[in-house]
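1. can you look at this prediction? I've put the sequence above it.
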Amino acid sequence: NAGVTQTPKFQVLKTGQSMTLQCAQDMNHEYMSWYRQDPGMGLRLIHYSVGAGITDQGEVPNGYNVSRSTTEDFPLRLLSAAPSQTSVYFCASSKPGHGSGSLHFGNGTRLTVT
Amino acid sequence: GENVEQHPSTLSVQEGDSAVIKCTYSDSASNYFPWYKQELGKGPQLIIDIRSNVGEKKDQRIAVTLNKTAKHFSLHITETQPEDSAVYFCAASKDNYGQNFVFGPGTRLSVLP
């Protein structure tokens, strides 16, 4: 059972380059989200999706785009990378509902922008 | 919006002792409070959670308590073991899906043998 799979694990970009962080889940979860983790700041929500075709902004959406064409995949796009986007990025999924609020996280993508 | 504070930021205990991590939240509408454990190089993993209609929940050596009036909740780990060493995050959520969490900044727990 793969759970949430993120690729790549590591990435180095130059300022201004673009890239897509991939996230896929095989648990048929309706909800998916992207967080960034910075030292001393916990995890901050970037974008989320409550189902295919539906996305919304989180706390720190600027500089990032998302789309959700299938239930399984939720890619995160950086259109023009900036050093401030150096971080560890986590994708998470869950099946919404009163009794199932826990997030399942991938193992993260460590991004460095020089 | 919601703000979650977490203390202490680092905690060292001797193996076998207890560890307590405390979180406070600002939005009284928050109703779901999970705790996550993150080991080096991995994503956070849920270890225990509590909903606002419950005051305490236990799972073997781990317990969580919630004080809605004071807007704080705590993680208690008893009989700590070296494998408990990790970063622990608390979170709070209130949206319709109960999914958009606000996380605390984390506590790095070290269990010394």
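-> Everything's here; your move.
2. what residues does chain A have near chain B?
-> By the rule Cβ under 8 Å from any Cβ of the partner chain, the part of chain A lying against chain B is A:4, A:31, A:33, A:35, A:40-45, A:48, A:50, A:58-59, A:90, A:92, A:94, A:96-98, A:101-103, A:105-108. Glycine gets a C-beta too; all of them are placed from N, C-alpha and C.
3. among those residues, the buried ones, what's the ChimeraX command?
-> Applied in ChimeraX, the following selects the buried portion of the residues of chain A next to chain B according to 16 or more other Cβ atoms under 10 Å in any protein chain shown:
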select /A:4,31,33,35,42,43,44,45,48,50,58,90,92,94,96,101,102,103,105,106,108
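4. filter the residues of chain A next to chain B down to the ones in strands?
-> By the criterion of DSSP state E, membership of the residues of chain A next to chain B in strands covers A:4, A:31, A:33, A:35, A:43-45, A:48, A:50, A:90, A:92, A:94, A:105.
5. got TSV for these, with pLDDT too?
-> Conversion of these to TSV gives the following (pLDDT from 0 to 100):
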residue	pLDDT
A:4	96
A:31	90
A:33	94
A:35	96
A:43	93
A:44	94
A:45	93
A:48	93
A:50	89
A:90	97
A:92	94
A:94	88
A:105	95
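6. what's the closest of those to chain B?
-> Comparing these against chain B with Cβ to the nearest Cβ picks out residue A:105 as the nearest, at 3.2 Å.
7. now do that closest one against residue B:37, distance only.
-> Distance, residue A:105 to residue B:37, by Cβ to Cβ, to the nearest Å: 11 Å.
8. what do the two both touch?
-> Shared contacts of residue A:105 and residue B:37, defined by Cβ atoms under 8 Å, 6 or more residues apart in numbering or on different chains, comprise B:44, B:45.
9. nearest residue to the middle of chain A?
-> residue A:34 (2.8 Å; Cα atoms, centre = their mean).
10. against chain B, how distant is that residue?
-> Counting by Cβ to the nearest Cβ, to the nearest Å, the gap from residue A:34 to chain B is 12 Å.
11. so what pLDDT did the residue nearest to that residue when sequence neighbours are not counted get?
-> By the measure of Cβ to Cβ, 6 or more residues apart in numbering or on different chains, the closest residue to residue A:34 outside its immediate chain neighbours is residue A:46, 4.4 Å from it. The model reports residue A:46 with a pLDDT of 96.
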